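Trainee: quick one: sequence and predicted model below, then my questions.
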Amino acid sequence: MKILYFLYHWLIACPIFVILTVITAITTSLGSLLFNVDFFGYWPPHYWSKLTCWIFLIRVKVVGKENIEKKTSYIFVANHQGAFDIFTIYGFLGHNFKWLMKKSLEKIFLVGAACRHARHIFVDDSNIAAIKTTISQAEETLKDGMSLVIFPEGSRSWDGKMIPFKRGAFMLAAEFNRPVVPVTIEGSFSRLSRFAKQVSPGLITLTIHKPITPGPKGFNTKQLMAQCRENIESALKEENKGISLGNPSES
């Protein structure tokens, strides 16, 4: 079976994935530029993500979809186990959103341009002016049911456990007083970790927790960050709980 999947992965699934990615990026860019950016910035990548999971023989189970409403703007914060987190959220979250992503991702051929045209937000923390621009873009996004999705770890896990969170996502939530929804992705590390050369078929579980709403005085950033981490960790397997020890090659 391993040999059969190896051949299928490299000779069939990967070429189809590349073709789908090119078509999706071009469709997203042109549709966002010429027509409705909120429609073309979400639906083509949504189906691209579902098809990607399907061709690589990955099943996604969604838990807690009833906890969110389509017409409400949220800030979703999710753990980042592996490359398939992108496909899991885009394909199965069931809510239109914009990514808050690293500035470096804008350089990816076709995909970076598609993200820019779809008005996803690239984080540039090189200076104060750039940070203010990011905040302004995020504020403009969070209206009419549009949401933001952020990986507060900032990068993929080294070992399946969560890396310590950065405060940026939670400072945005406190700034805009929007409900925050913790999201747990479990199984993505086993499907394609940052060290893997090939996808492993199997199950990914996406757990959407209940929104955390601001109190009368808004959010306390530290408390919000701790509560989100606790909620996300609660749906992880025991071996993936705790704090990541970092790059094992450096230990």
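Mentor: Cool, got the structure. Note that this is a predicted model, so its numbers are computed, not measured.

Trainee: CA only for contacts and neighbour counts going forward, please
Mentor: Noted.

Trainee: is the nearest residue to Phe92 once chain neighbours are set aside bridged to anything, and to what?
Mentor: Distance criterion C-alpha to C-alpha, 6 or more residues apart in numbering; nearest residue to Phe92, sequence neighbours excluded, is Val62 at 7.1 Å. Bridge pairing for Val62 (DSSP bridges) gives the partners Leu206.

Trainee: is it true that Val62 touches Leu206?
Mentor: Yes: applying C-alpha atoms under 8 Å, one finds Val62 in contact with Leu206, separated by 4.8 Å.

Trainee: what is in contact with these two at once?
Mentor: Each of 92-93 lies in contact with both Val62 and Leu206 under the rule C-alpha atoms under 8 Å, 6 or more residues apart in numbering.

Trainee: when those two are compared, which one has more neighbours?
Mentor: Leu206 (25 against 16; other C-alpha atoms under 10 Å).

Trainee: am I right that His95 is in a strand?
Mentor: No: His95 is assigned coil when assessed by DSSP: H, G, I helix; E, B strand; the rest coil, not a strand.

Trainee: please tell me how far the residue lying closest to it once chain neighbours are set aside sits from Asp38.
Mentor: Nearest residue to His95, sequence neighbours excluded (C-alpha to C-alpha, 6+ apart): Lys70, at 5.9 Å. Look at Lys70 and Asp38: by C-alpha to C-alpha, to the nearest Å, they are 14 Å apart.

Trainee: tell me, what's touching those two both at once?
Mentor: Asn96.

Trainee: looking at these two now, which is surrounded by more residues?
Mentor: Using other C-alpha under 10 Å, the more surrounded residue of Lys70 and Asp38 is Asp38, with 16 against 13.

Trainee: could you dump the host helix or strand of the more buried one to CSV, C-alpha only?
Mentor: Asp38 is part of helix 37-40 when elements are defined by DSSP states H and E. Output in CSV follows, covering the C-alpha atoms of helix 37-40 (Å, rounded to 0.1, in the frame of the first residue of the first chain):
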residue,chain,number,x,y,z
VAL,A,37,-13.6,40.5,-4.1
ASP,A,38,-15.4,38.9,-1.1
PHE,A,39,-16.9,36.2,-3.3
PHE,A,40,-13.8,35.4,-5.4
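
Trainee: pull the distance from it to the chain's centre.
Mentor: Put simply, helix 37-40 sits 18 Å off its chain's centre (C-alpha atoms, centre = their mean, to the nearest Å).

Trainee: one more: stretch 110-125?
Mentor: The answer for stretch 110-125 is 14 Å, by C-alpha atoms, centre = their mean.

Trainee: contact partners of that stretch?
Mentor: 21-22, 25-26, 28-29, 32-33, 37-38, 40-41, 98-103, 105-107, 130-131, 134, 137-138.

Trainee: cutoff 7 Å now
Mentor: 25-26, 28-29, 32-33, 37, 41, 98-103, 105-106, 130-131, 134, 137 (C-alpha atoms under 7 Å, 6 or more residues apart in numbering).

Trainee: quick one: distance of stretch 25-38 to the chain centre.
Mentor: 20 Å.

Trainee: adjust the sequence numbering to begin at 777 for everything that follows.
Mentor: Yes, from this point I'll number from 777; that puts the last item at stretch 801-814.

Trainee: so for that stretch, what gets flagged as buried?
Mentor: 801-808, 813-814 (16 or more other C-alpha atoms under 10 Å).
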